[in-house]
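Novice: Provided below are the primary sequence and the corresponding predicted coordinates.
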Amino acid sequence: MFCGKRRSSFILFTLTILLLLTFTISTKATEEDAEIDGHNQESRIDVDNNDDDELEELLAIDEQEEQEGEEPQQQGDQQKEAEVLSKAQRIVLELNTDSSRRVIEENEFVLVLGYAPWSARSAELMPQFAVAANKLKELGSSLVMAKLDGERYPKAASMIGIKGFPTLVLFVNGSSRAYTGGFSGEDIVIWARKRTGVPVIRISSATVAEEFRRMHQIFVLGLFEKFEGPAYEEFVKVATSDNELQFVELNDIAVAKTLFPDIKVTNHFIGIVKSEPERYTAYEGSYEKEKILDFLDHNKFPLVTKLTELNSARVYTSPVKLQVPLAFNQLISISWLEEAIEVHHVRCS
């Protein structure tokens, strides 16, 4: 009886020890697992943080490289603009109250830019005016280019008809004529030459034609067997009436093909040339001034036009009613959009 009790006590003691050991081992294992999980979690956090840090570093590097790539171009553009302005300062007259009337009365043609230092549009137009002044000087134009600070000299501004800023006014033998052209340097040159007696440029050699094509992104070509007759007269009327496009006339079809390769042998031909997928567009209507002008109004705009304060009125008053306005951030360029449209045009044609 006594031995049975001792055996039972021993077994109970043994089971108790085993239970304690099992509990201890389980607790230790749980703690170790928790430590491992904690370590793994910390490792994952470290990895995630490292990944985020690496991504931020890569983005920072890309941004820095992009800025470094843009800086030389921006510096180059700024230097070029500064050179243009510096050169124009020797050409463009600075008018004041005393000199305004004298300059206008003593010269046959005077183009005056009225501006104000605080006007953002004046600041935007000034470099284009300088470009035009330099180009007209190179072309040997007799047009005098002048500018007037209308805020500093309000009396002179009122006298020559400047009521807002910026304002361009052409004077022909002292009489003022409203400016109706575009606002790029090339636009000003084209309009000024037309209003001072050169509505059409005549080209007679392939060399001159090649040089002309490099200088102009858009122009109107007229091919005539002789520079006379009803068709030619209507062409000249159109060239004089239009305010934006450069017109060129030829009588040699071989030279004309340098500018318009698809031109056909004919007594007279009119076509518009643009630097885009639909580069060459021939006029197929009757030779009447209004009909030709209507053709040009519907075909002179490029596929993509960069909208600015200076050209917005011209764009929105266009007879082309179906227009799609697009807004981009600085990372997407106009050239990218033009390339995309060109690819689409090629695939669809």
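Specialist: Ah, there it is. Numbering: from 1, shown residues only.
Novice: so what does the strand or helix carrying V112 touch, helix or strand wise?
Specialist: Using DSSP states H and E, V112 sits within strand 109-115. With contacts taken as 3 or more C-beta pairs under 8 Å, 6 or more residues apart in numbering; DSSP states H and E, strand 109-115 sits against helix 99-106, helix 120-138, strand 144-149, strand 167-172, helix 185-195. (C-beta placed from N, C-alpha, C; glycine too.)
Novice: Quick check: P166 touching L113?
Specialist: Yes: with contact defined as C-beta atoms under 8 Å, P166 counts as touching L113 (6.2 Å).
Novice: Please tabulate the helices and strands packed on strand 109-115 in JSON lines and include distance to Q217, mean neighbour count and mean pLDDT as additional columns.
Specialist: Compiled in JSON lines, the helices and strands packed on strand 109-115 are given as follows (distance: least, C-beta to C-beta, whole Å; neighbours: other C-beta atoms under 10 Å; pLDDT from 0 to 100):
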{"stretch": "helix 99-106", "distance to Q217": "33", "mean neighbour count": "15", "mean pLDDT": "95"}
{"stretch": "helix 120-138", "distance to Q217": "14", "mean neighbour count": "19", "mean pLDDT": "94"}
{"stretch": "strand 144-149", "distance to Q217": "23", "mean neighbour count": "22", "mean pLDDT": "97"}
{"stretch": "strand 167-172", "distance to Q217": "22", "mean neighbour count": "20", "mean pLDDT": "96"}
{"stretch": "helix 185-195", "distance to Q217": "8", "mean neighbour count": "22", "mean pLDDT": "93"}
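Novice: CSV for those, including distance to A209?
Specialist: Below are the helices and strands packed on strand 109-115 laid out as CSV (distance: least, C-beta to C-beta, whole Å):
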stretch, distance to A209
helix 99-106, 37
helix 120-138, 19
strand 144-149, 28
strand 167-172, 30
helix 185-195, 18
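Novice: out of those, nearest to M159?
Specialist: Nearest to M159 among those is helix 99-106 (6.5 Å), distances taken as C-beta to C-beta.
Novice: Give me the contact list for that closest one.
Specialist: Residues outside helix 99-106 that contact it (C-beta atoms under 8 Å, 6 or more residues apart in numbering): 93, 95, 110, 112, 144, 146, 148, 153, 156, 159-160, 171, 174.
Novice: For the chain, just list every one of the strands.
Specialist: Using DSSP state E, the strands found in the chain span residues 93-95, 109-115, 144-149, 167-172, 175-178, 200-202, 218-224, 246-250, 268-274, 280-282.
Novice: Pull out the buried residues from stretch 275-295.
Specialist: Residues of stretch 275-295 classed as buried by neighbour count (16 or more other C-beta atoms under 10 Å): T281, Y283, Y287, I292, F295.
Novice: and the first one, what is it in contact with?
Specialist: Under the criterion of C-beta under 8 Å, 6+ apart, the contact partners of T281 comprise G271, I272, K274, N299.
Novice: and it, what pLDDT?
Specialist: Per-residue pLDDT puts T281 at 92.
Novice: likewise the last one?
Specialist: You'll see F295 listed with a pLDDT of 95.
Novice: quick one, what contacts it?
Specialist: By C-beta under 8 Å, 6+ apart, F295 lies in contact with I272, Y283, G285.
Novice: just K163 next, same as before
Specialist: Applying C-beta under 8 Å, 6+ apart to K163 gives the contacts A157.
Novice: now do F171
Specialist: I104, N107, F109, V110, L111, V112, I160, R177.
Novice: Give the ChimeraX command for selecting the buried subset of those.
Specialist: Typed into ChimeraX, the line below selects the buried ones among those, using 16+ other C-beta under 10 Å:
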select :104,107,109,110,111,112,160
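Novice: how about low-confidence regions in this structure?
Specialist: Low-confidence segments of the chain, defined by pLDDT under 70: 1-81, 84, 276-278, 302-349.
Novice: So if we follow the domain assignment, how does it break up?
Specialist: By the assignment in automatic domain parsing, the chain contains the domains 93-193, 199-348.
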